[in-house]
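> build me a model from this:
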Amino acid sequence: MTARGSYKNRTTRFAEPAVLVPVVVGAWSRVWDVAWADGRSSARMRELVSVLAAADAADALEDAEALPVLLALDAAWEEVKAAFTDRLAAFGDFPARIRIITALAHTEYLDIVSEAIRRMGPLPTPEDEKDEADA
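Prediction:
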């Protein structure tokens, strides 16, 4: 049985980076239209680049070990970033536009990480909840 299908990984905060590639690709896809302020955005190109970049990143991470989720997210981010920027350049996008979409995607990615950190943090105690209610 692979680590992906093991019971241990489904009940802990570990994941294989390749499994998280779709989450990171989603961050890039959500900011796609913002980077094309001139109205040239194409949903078909977004789908094409997203699928190709996801496949590239998943292939690069195929043999990666299971890691704590935040480290796995970082590994997935780095591979998707490399794949996305390479694919965008291959399809003729300008370096400035690639930097814009990379910065926007990174902001979206950081939102994902902060939400994961928030949810993985310790549960509030009754005293914490009382303090928040009093504030």
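> low-confidence stretches in this structure?
Counting by pLDDT under 70, the ranges of the chain that qualify are 1-11, 36-41, 123-124, 128-129, 135.
> where do the helices sit along it?
7-10, 21-35, 43-60, 69-90, 95-120, 126-134 (DSSP state H).
> point to the residue nearest the middle of the protein.
The centre of the chain sits closest to residue 24, judged by C-alpha atoms, centre = their mean, with a distance of 1.9 Å.
> right, and that one touches residue 76 too?
Yes - contact status for residue 24 versus residue 76: in contact at 4.7 Å, counting by C-beta atoms under 8 Å. The way it works is simple: take the backbone N, C-alpha and C, and place the C-beta from them, glycine included.
> can you pull the residues that touch both of the two?
residue 57 (C-beta atoms under 8 Å, 6 or more residues apart in numbering).
> identify the residue nearest residue 34 in space, chain neighbours excluded?
residue 104 (5.6 Å; C-beta to C-beta, 6 or more residues apart in numbering).
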